[in-house]
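1. got a predicted model here, sequence first, then my questions.
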Amino acid sequence: MKKQFAIIGLGRFGGSICRALNEQGLEVLAIDTSEEKVNEFASVATHAVIADATEEMTLKSLGIRNFDHVVVAIGDNIQSSILTTLMLVEQGVNHITVKAQNDYHEKVLNKIGAHKVVHPERDMGVRIAHNVVSKNVLDYLELSNEYSIVELEAGKLVDKRSLTDLDLRLKYGCNVMAIKREDDVNVSPAPDDILLEGDIIIVVGADSDINRMEEALF
Ligand code: ATP
Ligand code: ATP
Ligand code: CA
């Protein structure tokens with residue numbers, strides 16, 4: 001059976017999740033208190049309903065507990081977001097992802113049992129910061145406080161050099177996971193593969209090691 005998703009709150013965040021799931025051919029129930037929003041998503045979601053997710057009976061009658069994953073994307077109304085999350089937890093929903101507005105909100109959501117709390121504005125801010133600090137860092141994904149995956153654009157210093165020659169693993173403790181060259185992606189780079197200026201390399205390593213490598217070679 002297809003996995004079933006429910007998205008509560010159809011702002012820019014919830015709305016884009018809804019569209020992306022729909023594009024992947026998945027079943028999505030879209031819920032919002034606003035009739036206008038629900039109409040907008042009627043053709044995007046499998047079902048779109050006008051409902052207040054803070055009402056326990058409403059959630060029950062939608063059979064919310066049968067959904068595999070419910071995303072709470074209620075924006076500024078922190079109280080509604082918390083109340084909705086609490087009810088989803090109480091009704092035993094298997095996977096609950098909630099968008100947090102701030103750190104206190106995040107703390108409360110974790111305490112009451114949300115399975116995953118996301119903080120898109122903050123996380124995107126961190127990614128953009130890495131991106132603006134170095135012109136070679138194209139994207140950045142934090143794995144933990146210490147480790148990250150970064151996308152770097154190869155410049156002149158690494159042009160026509162092999163991974164063995166650069167010795168990134170030994171010198172900087174960094175591993176090249178993939179090399180993108182135009183539309184080609186090499187996902188298992190061999191030691192004698194050559195980098196060219198303009199290649200995008202995807203590297204995993206400790207932040208301090210990635211920084212050292214970036215300063216020396218990128
Ligand atoms: P953006 O990404 O644009 O900042 P957002 O995801 O932060 O948007 P809002 O634009 O505030 O969020 O949208 C939140 C949506 O959640 C609104 O469409 C609102 O109608 C809906 N919403 C708020 N409270 C409830 C509720 N109790 N039940 C269902 N939907 C709700
Ligand atoms: P390993 O023990 O990891 O297999 P190695 O010393 O036996 O490494 P090679 O695997 O042939 O030697 O690679 C030579 C050097 O090239 C490595 O030490 C490493 O520094 C570098 N290298 C090879 N592949 C990568 C990669 N994907 N990312 C970063 N560096 C690499
Ligand atoms: Ca918002």
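-> Nice, I can see it. Ligands and ions are numbered 1, 2, ... in the order given.
2. care to break this protein down by domain?
-> 4-118, 123-217 (automatic domain parsing).
3. distance-wise, check the closest residue to residue 52 other than its chain neighbours relative to ligand 2.
-> Using CB to CB, 6 or more residues apart in numbering and skipping residues adjacent in sequence, the residue nearest residue 52 is residue 33, 5.2 Å away. From N, CA and C alone the C-beta is placed, and that goes for glycine too. Distance, residue 33 to ligand 2, by CB to the nearest ligand atom, to the nearest Å: 50 Å.
4. residues in contact with residue 33?
-> By CB atoms under 8 Å, 6 or more residues apart in numbering, the residues touching residue 33 are 50, 51, 52, 53.
5. buried subset of the residues you listed, written for PyMOL?
-> Paste this into PyMOL to select the buried members of the contacts of residue 33, with burial taken from 16 or more other CB atoms under 10 Å:
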select buried, resi 51+53
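6. I'd like the contacts of residue 33 as TSV, with distance to residue 201 and pLDDT appended.
-> As requested, the contacts of residue 33 are arranged in TSV below (distance: CB to CB, whole Å; pLDDT from 0 to 100):
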residue	distance to residue 201	pLDDT
50	48	98
51	47	98
52	49	98
53	44	97
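7. where does this structure come near ligand 1, residue by residue?
-> Residues of the chain lying close to ligand 1 (CB under 6 Å from any ligand atom) are 8-14, 31-34, 37, 52-54, 73-77, 80.
8. which among those residues end up buried?
-> Here, 16+ other CB under 10 Å leaves 8-10, 13-14, 31-33, 37, 53-54, 73-74, 80 buried among those.
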